[in-house]
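**Q** this is a predicted model, with the sequence first.
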Amino acid sequence: MKAIHFGAGNIGRGFIGKLLADARADLIFADVNQPLVDQLAHQQSYQVHVVGENAHVERVNKVSAVHSASPDAINQIAQADIITTAVGPQVLAKIAGTLAQGLTARHAAGNNQPLNIIACENMVRGTSQLKQHVLQALPEALHAWVDEHVGFVDSAVDRIVPPAAAANDDPLEVTVETFSEWIVDSTQFKGELPPIAGMDATTNLMAYVERKLFTLNTGHAITAYLGQLAGYGTIREAILDPAVREVVKGAMEESGAVLIKRYGFDPRQHAAYIQKILTRFENPYLHDEVERVGRQPLRKLSEGDRLIKPLRGTLEYNLPNANLLIGIAAALSYRNPQDPQAQEMLTLLETLGTEQALTQISALADQPEVVAQVTNVYNAMQHQA
Ligand SMILES: NC(=O)c1ccc[n+]([C@@H]2O[C@H](COP(=O)([O-])OP(=O)(O)OC[C@H]3O[C@@H](n4cnc5c(N)ncnc54)[C@H](O)[C@@H]3O)[C@@H](O)[C@H]2O)c1
Ligand SMILES: O=P(O)(O)OC[C@@H](O)[C@@H](O)[C@H](O)[C@H](O)CO
């Protein structure tokens, strides 16, 4: 099995790339970070520290790396059996051009073997969105061939992987939690399901994507935003504060009530799922900064993402949402001069005012009452800060 993984970052090296290597795939990382590409190409292996219960170190061997926009990457796409990504939602559109060039070369070479492409990003049906970008970049004459031979497979991916400590002298080493979950949509594959241990297939992907994004990521984001407001640097410090924990747990329960109603999850199992997530946030072996988890607040406040989509669910089913509203106000309060989206959000708040900025950022024009409620909480937070 020949595999190309776009994005040799935390989740790329620490989770998806590792599973592909464990499955004995011939694995090539594709990234834009040239020093990282050079280091991987030179070293061809790296260590993964699995921390928590049964802590141990694993080595990933025999990997190679190319620049993601290079002719090498295009050649590799022409020959690959599986392509995965962990580049960030906003980067999918950027790699679509390279994928389209690779597919064009594959077609020209007469390679009709099935190819499956799986985006492993924190978003709902990210691969389907990537497919649209790729089709836009391809001549129409190739669309039918792509439909026949290339599977665009949506997935849900869960493993907390913060960046390695700055003091670490091995830039390739990654530290990961023990827990991991990678679920793919079995209905979208072309050819046989690739034999990758740790990749589980389902016919009911949406339930798993929303369960993960609207529980773990909802709680994670709120922990980060309330954590920053309370002056904490890490997720662990924040979640150990009873006041933060109460809102985070409450917001996950509010979102959970929507998920239970929508997908029929067992309420007791869902409560256990939330409890396990709280324990994962407390992980004493991970140093996960609130700035990583809170990154790109405009994305996190967008209508289909972890804060607003669960809120919309509570409005649809007439369910409680007081903690989600606090979480949204905390997200608006997030400040980070190093994060372009945090800066853009601040500019919007200053130029438009809170109500109009939130309405625009989160597409809430039809919910003026909710916007007013969040604004009240936000104003109170600014006075306390
Ligand atoms: N870290 C986690 O805990 C975690 C867990 C689950 C899902 N995710 C998701 O995985 C994705 C990546 O997250 P991460 O934490 O690994 O981020 P990261 O910043 O560590 O890694 C992203 C990598 O993508 C590379 N990249 C950027 N533009 C590229 C391009 N055009 N072509 C190829 N590579 C490019 C970057 O250089 C970087 O190495 C995100 O969508 C994130 O939401 C992360
Ligand atoms: O990657 P983001 O920015 O969408 O979200 C930040 C974290 O919540 C996220 O990376 C989690 O660590 C991950 O989703 C755990 O599976």
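**A** Nice, thanks for sending it over. Ligands and ions are numbered 1, 2, ... in the order given.

**Q** around ligand 1, which positions in the stretch 51-200 of the chain sit nearby?
**A** Counting by CB under 6 Å from any ligand atom, the stretch 51-200 of the chain comes close to ligand 1 at 68, 86-89, 91, 94-95, 121-122, 157, 159-161. For the C-beta atoms, the positions are set from N, CA and C on the backbone; glycine is no exception.

**Q** 8 Å - rerun?
**A** Applying CB under 8 Å from any ligand atom, we find that the stretch 51-200 of the chain lies next to ligand 1 at 68-69, 85-89, 91, 94-95, 98, 120-123, 126, 157-163.

**Q** assumed Gly191 was part of a helix.
**A** No: read with DSSP: H, G, I helix; E, B strand; the rest coil, Gly191 is coil and lies in no helix.

**Q** can you tell me how far the closest residue to it other than its chain neighbours is from ligand 2?
**A** Spatially, and ignoring its direct neighbours in sequence, Gly191 is nearest to Pro114 (3.1 Å; CB to CB, 6 or more residues apart in numbering). Distance from Pro114 to ligand 2, counting by CB to the nearest ligand atom, to the nearest Å: 28 Å.

**Q** counting only strands, which of the residues of the stretch 51-200 of the chain next to ligand 1 make the cut?
**A** Using DSSP state E, the members of those that fall within strands are Thr85, Val157, Asp158.

**Q** helices of the stretch 251-385 of the chain, residue ranges please.
**A** If DSSP state H, counting those that start in this stretch is used as the criterion, the helices of the stretch 251-385 of the chain fall at 267-281, 290-293, 297-300, 308-317, 322-332, 340-352, 354-362, 368-384.

**Q** closest to ligand 1 out of those?
**A** If you check each of the helices of the stretch 251-385 of the chain against ligand 1 by CB to the nearest ligand atom, helix 290-293 wins as the nearest, at 7.3 Å.

**Q** who are the packing partners of the closest one?
**A** Judged by 3 or more CB pairs under 8 Å, 6 or more residues apart in numbering; DSSP states H and E, helix 290-293 is in contact with helix 218-229, helix 235-239.

**Q** just want the angle from the first one to helix 308-317.
**A** I take that to be helix 218-229. 120 degrees (axes from the mean of the first three to the mean of the last three CA atoms, to 10 degrees).

**Q** just the helices and strands packed on helix 290-293: most buried one?
**A** Counting by mean count of other CB atoms under 10 Å, helix 218-229 has the highest mean neighbour count of these, with a mean of 28.

**Q** overlap between the residues of the stretch 51-200 of the chain next to ligand 1 and the residues near ligand 2?
**A** Gly88, Pro89, Glu121, Asn122, Met123, Val157, Asp158, Arg159, Ile160, Val161, Pro162.
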